[in-house]
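**Q** Please find the sequence and the predicted model below.
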Amino acid sequence: MSDKVIDQQPKEVFHYFDQITRIPRPSKKEEKMIAYLQDFAKEQGLACEVDHAGNVLIRKGATPGYEDRESIALQCHMDMVCEKDKDVDFNFETDAIQTYVEDGWVHARGTTLGADDGIGDAVCLAILASDSIEHGPIECLFTRDEETGLTGAMEMAPDFIESKILINLDSEEEGEICIGCSGGKDTVAELEYERAYAYPELHYARIEVRGLHGGHSGSEIDKGYANAVKLLARLLFRLGNEVEYVLASIKGGNLDNAIPREAHAVIGVAPEDRDALAAFVNVFRSHLQDEYKVMEPGLKVELDTVETPDYCIDTDTANDLIFALVACPHGVIEMSREIDGLVQTSTNLASVKMRNEDEEDALMVVTSQRSSIDSQIDMVGDMVRATFEAIGAGVYEHSPYPGWEPNTDSQILKIACESYRALYDTDPKVYAIHAGLECGLFRQKRPELDMISVGPTMLYVHSPAERLEVASVGKFWDYILDILKRAPKAGK
């Protein structure tokens, strides 16, 4: 079998997926994707609208014999999470994703693949381009900036789509139907620091934690994967009991919806403590590798000598930061008592960065909270707030989004279950997810919307290990086409 994406089946879907991987589309910078969708609609002779937020809507009329069916909106997002391995030279704003196929899975070389949600985009385009697929009226909605704020869905006008049925194409397991999701928000702490003199006689070293799995901070928060920021904070906290050190810089994590895979700090120690530092890191590395030998076999803790930095962080602030990072909650807070196996409430310590703007130096820590219960979103946010306000940090919240309450009496759910049984002689799994979906915002704007979320099988989304199962795309494609044929008659 060819290792090229474009040669996979179904060809009509992978044709468009291959094109999409060549289009740079970071969150908030989707202009090239928007232009591509507009050009596509023009070439196909289809009606296309772009709203003030950058969402793109392409409409297509019913095929003969299906004019009396309800209109269905197929919805996906056009942006992608931009994560790459440290040693990969790649610019997400200009470069095409380098894809390959191995053992039945589509991968990217050293970066995220963007199948979340590029494969949903490709399915929509393949349906819109086809002259043989049977369907009633359809609207294909491509939303902007789903990954870093749900901005497109949040700013979309309620009447931008006309359909009363919406199928979200952003789920990650073939054979499953999502009917609910958690809500959430971000909690951010900023701690100002003073620049301290970096004494050149000290020995400066870079400590790095890397090689972790990472992954989606909602759907994979319960998997037991390590958080690089937490591990680095643990190391620095314990190191302070062994030798005195100064902290020159610290950085870890990237996106609020990804579990941090890498983190590093530059510290300075007295020359006579150089060997003690190396011995401590060796022992701590051994402990961590034993602790995570099952879940994080690639875990690495590296120590390298570096040149004297321009300055250090003042000692009091550095200590306060490390204490707070160790104390900050991360992971599953509570499991659902109503749905077996569903995470009810969680928090992700997403990143720590240094900000230098307008002569103001600050350390910024970003966390994200999720829950299917609104009051527990606030509860965990308060835990984070209390942790950082205790050290004098300023704390604020942003990017709140609502959950999507399951409706087991949904008409489109019943149709989707009937379709799956007819195609594959088995029942699909119906579930709710501990992650944010745009469906929550759509329901808030249009309470009457009847919705489900489906998708092919993807693993390790939001990390460079992201992969898409080829065979599941074929099943997913047949499934969507069968659901479209079963669309209810209008007004029924």
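**A** In hand now; what should we look at? Numbering: from 1, shown residues only.

**Q** where exactly do the strands run in the stretch 251-400 of the chain?
**A** If DSSP state E, counting those that start in this stretch is used as the criterion, the strands of the stretch 251-400 of the chain fall at 263-269, 300-305, 312-313, 331-335, 343-357, 360-371, 394-401.

**Q** Would you format these as TSV with mean pLDDT, mean neighbour count and distance to R238 included?
**A** In this view, the C-beta of every residue, glycine as well, is placed from N, C-alpha and C. Formatted as TSV, the entries for the strands of the stretch 251-400 of the chain read as follows, by pLDDT from 0 to 100; neighbours: other C-beta atoms under 10 Å; distance: least, C-beta to C-beta, whole Å:
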stretch	mean pLDDT	mean neighbour count	distance to R238
strand 263-269	98	22	13
strand 300-305	98	14	12
strand 312-313	97	25	19
strand 331-335	96	17	20
strand 343-357	93	20	18
strand 360-371	95	23	20
strand 394-401	92	15	26
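
**Q** now those strands as TSV including distance to V188?
**A** Formatted as TSV, these follow (distance: least, C-beta to C-beta, whole Å):
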stretch	distance to V188
strand 263-269	17
strand 300-305	27
strand 312-313	19
strand 331-335	19
strand 343-357	10
strand 360-371	5
strand 394-401	6
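
**Q** Out of those strands, the one nearest D79 is which?
**A** The closest of these to D79 is strand 394-401. By C-beta to C-beta, the value is 14.5 Å.

**Q** Check which residues of the following helix or strand past the closest one are buried.
**A** The first helix or strand that comes after strand 394-401 along the chain, using DSSP states H and E, is helix 411-424. Of the residues in helix 411-424, those with enough neighbours to count as buried (16 or more other C-beta atoms under 10 Å) are I412, L413, I415, A416, C417, S419, Y420.

**Q** Looking only at residue counts, what's the top helix in the protein?
**A** In the chain, ranked by residue count with DSSP state H as the criterion, the top helix is helix 274-291.

**Q** Give me the buried positions along that one.
**A** In helix 274-291, counting by 16+ other C-beta under 10 Å, buried: L277, F280, V281, F284, R285, L288, Q289.

**Q** cool, and stretch 214-231?
**A** Result for stretch 214-231 [16+ other C-beta under 10 Å]: buried residues 214-221, 225-231.

**Q** Could you do stretch 2-18 as well?
**A** Within stretch 2-18, judged by 16+ other C-beta under 10 Å, the buried ones are V5, Q8, P10, E12, V13, F14, H15, Y16, F17, D18.

**Q** In a markdown table: these, plus secondary structure and pLDDT.
**A** Conversion of these to a markdown table gives the following (DSSP: H, G, I helix; E, B strand; the rest coil; pLDDT from 0 to 100):
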| residue | secondary structure | pLDDT |
| --- | --- | --- |
| V5 | helix | 96 |
| Q8 | coil | 97 |
| P10 | coil | 98 |
| E12 | helix | 97 |
| V13 | helix | 98 |
| F14 | helix | 98 |
| H15 | helix | 98 |
| Y16 | helix | 98 |
| F17 | helix | 98 |
| D18 | helix | 98 |
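
**Q** ok, so of those residues, who is nearest Q98?
**A** When those are compared for distance to Q98 (C-beta to C-beta), V5 comes out closest, at 10.5 Å.

**Q** Could you measure from that closest one over to R443?
**A** With distances taken as C-beta to C-beta, to the nearest Å, V5 is found 34 Å from R443.

**Q** ditto for L325
**A** Shown here: L325 relative to R443, a distance of 36 Å by C-beta to C-beta.

**Q** Please identify which of the two sits among more neighbours.
**A** Neighbour count, other C-beta atoms under 10 Å: between L325 and R443, L325 has more, with 26 against 22.

**Q** Leaving out sequence neighbours, find the closest residue to the more buried one.
**A** Distance criterion C-beta to C-beta, 6 or more residues apart in numbering; nearest residue to L325, sequence neighbours excluded, is A233 at 3.6 Å.

**Q** now F280
**A** In space, F280 comes closest to E242 once its chain neighbours are excluded; the distance is 5.1 Å by C-beta to C-beta, 6+ apart.

**Q** helix, strand or coil for F90?
**A** Three states are possible here, and by DSSP: H, G, I helix; E, B strand; the rest coil the one that applies to F90 is coil.

**Q** mind listing what it touches?
**A** Taking C-beta atoms under 8 Å, 6 or more residues apart in numbering as the definition of contact, the neighbours of F90 are K84, G110, T111.

**Q** Would you quantify the distance from it to E146?
**A** F90 sits 21 Å away from E146 when distances are taken as C-beta to C-beta.

**Q** now V188, nearest residue through space, not along the chain?
**A** Nearest-residue entry for V188: V366, 5.2 Å, with adjacent residues in sequence omitted and distances by C-beta to C-beta, 6+ apart.

**Q** list the buried ones in stretch 475-483?
**A** Of the residues in stretch 475-483, those buried by neighbour count under the rule 16+ other C-beta under 10 Å are K475, F476, W477, Y479, I480, L481, D482, I483.

**Q** For that stretch, give the mean pLDDT please.
**A** Confidence over stretch 475-483 (mean pLDDT, whole number) is 98.

**Q** Return that stretch as PDB; C-alpha atoms alone will do.
**A** C-alpha atoms of stretch 475-483 as PDB (Å, rounded to 0.1, in the frame of the first residue of the first chain):
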ATOM      1  CA  LYS A 475     -16.400   3.500   8.000                       C
ATOM      2  CA  PHE A 476     -17.000   7.100   9.100                       C
ATOM      3  CA  TRP A 477     -17.500   8.200   5.500                       C
ATOM      4  CA  ASP A 478     -20.100   5.500   4.800                       C
ATOM      5  CA  TYR A 479     -21.800   6.300   8.100                       C
ATOM      6  CA  ILE A 480     -22.200  10.000   7.400                       C
ATOM      7  CA  LEU A 481     -23.600   9.300   4.000                       C
ATOM      8  CA  ASP A 482     -26.100   6.800   5.400                       C
ATOM      9  CA  ILE A 483     -27.300   9.300   8.000                       C
END
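
**Q** roughly how far is it from the heart of the chain?
**A** 25 Å (C-alpha atoms, centre = their mean, to the nearest Å).

**Q** contacting residues around it?
**A** If you take C-beta under 8 Å, 6+ apart as the criterion, stretch 475-483 is touched by 10, 13, 74, 123, 126-127, 133-135, 167, 169, 174-175, 412, 415-416, 419-420, 422-424, 454-456.

**Q** Extract the residue ranges of this structure that are flagged as low pLDDT.
**A** In the prediction, the chain carries residues with pLDDT under 70 at positions 1, 357-359, 492.

**Q** show me where the stretch 101-250 of the chain has helices.
**A** With DSSP state H, counting those that start in this stretch as the criterion, the stretch 101-250 of the chain has helices at 115-129, 151-155, 228-239.
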